[in-house]
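Novice: Here is a sequence with its predicted model. Questions after.
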Amino acid sequence: MNSGSFAVAIVRHEVVLVQLSRTPSSHERNVDVVPFRHFGHRTFLADSSMSRTRIPTTNLLSILPTDAERCPISGMLELPENAYGQYAENIKHHQRRLSHVWSAMPFRVNFA
């Protein structure tokens, strides 16, 4: 993982695309990242509510290939098809995991 690398990570309980803002040393347990929000198919916008944040390395779900394409608009990027597929698969896995945890809770409330 180097500065500028893209990854899929959990930030504030959400699966988002992040860019490492600096290269972490091998013994660091936290990394500084710039989060990006999903905007449309393969397109992401830099999250202005969290310009730079620090997350545990355990929250990094997968490192993406480094061939992300920058769009002409500052703070916007477009992922290649294979990297976007990896991002989408991580979201599905996280949602399935949360659904499983929710269904296992004995005190669920039925709103019907």
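Specialist: All right, it came through fine.

Novice: the strands in the chain, which residues?
Specialist: In the chain, the segments counted as strands under DSSP state E are 6-11, 14-20, 30-40, 43-46, 53-56, 60-63, 69-70, 76-78.

Novice: what sits up against the longest one?
Specialist: By that I understand strand 30-40. 1, 7, 9, 11, 16-22, 24, 44-47, 50-57, 60, 76-77 (C-beta atoms under 8 Å, 6 or more residues apart in numbering). Using the backbone N, CA and C atoms, a C-beta is placed for each residue, glycine as well.

Novice: May I see the strands of the chain organised as CSV, with mean pLDDT added?
Specialist: Output for these, formatted as CSV (pLDDT from 0 to 100):
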stretch, mean pLDDT
strand 6-11, 88
strand 14-20, 86
strand 30-40, 88
strand 43-46, 85
strand 53-56, 90
strand 60-63, 86
strand 69-70, 58
strand 76-78, 81
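
Novice: picking up where we left off before, quick check: PyMOL command selecting the buried ones in the contacts of strand 30-40.
Specialist: A single PyMOL command selects the buried members of the contacts of strand 30-40 (16 or more other C-beta atoms under 10 Å):
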select buried, resi 7+9+11+16+17+18+19+20+21+24+44+45+46+47+53+55+60+77
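
Novice: Which residue, other than its chain neighbours, is closest to the residue sitting nearest the centre point of the chain?
Specialist: Compute the mean C-alpha point of the chain, and by C-alpha atoms, centre = their mean the closest residue is residue 16, 2.6 Å away. Distances taken as C-beta to C-beta, 6 or more residues apart in numbering place residue 35 nearest to residue 16, at 4.8 Å, with adjacent residues excluded.

Novice: can you pull the contacts of the residue nearest to residue 31 when sequence neighbours are not counted?
Specialist: Spatial nearest neighbour of residue 31, excluding adjacent residues (C-beta to C-beta, 6+ apart): residue 24 at 4.8 Å. Counting by C-beta under 8 Å, 6+ apart, residue 24 makes contact with 1, 30, 31, 32, 57.
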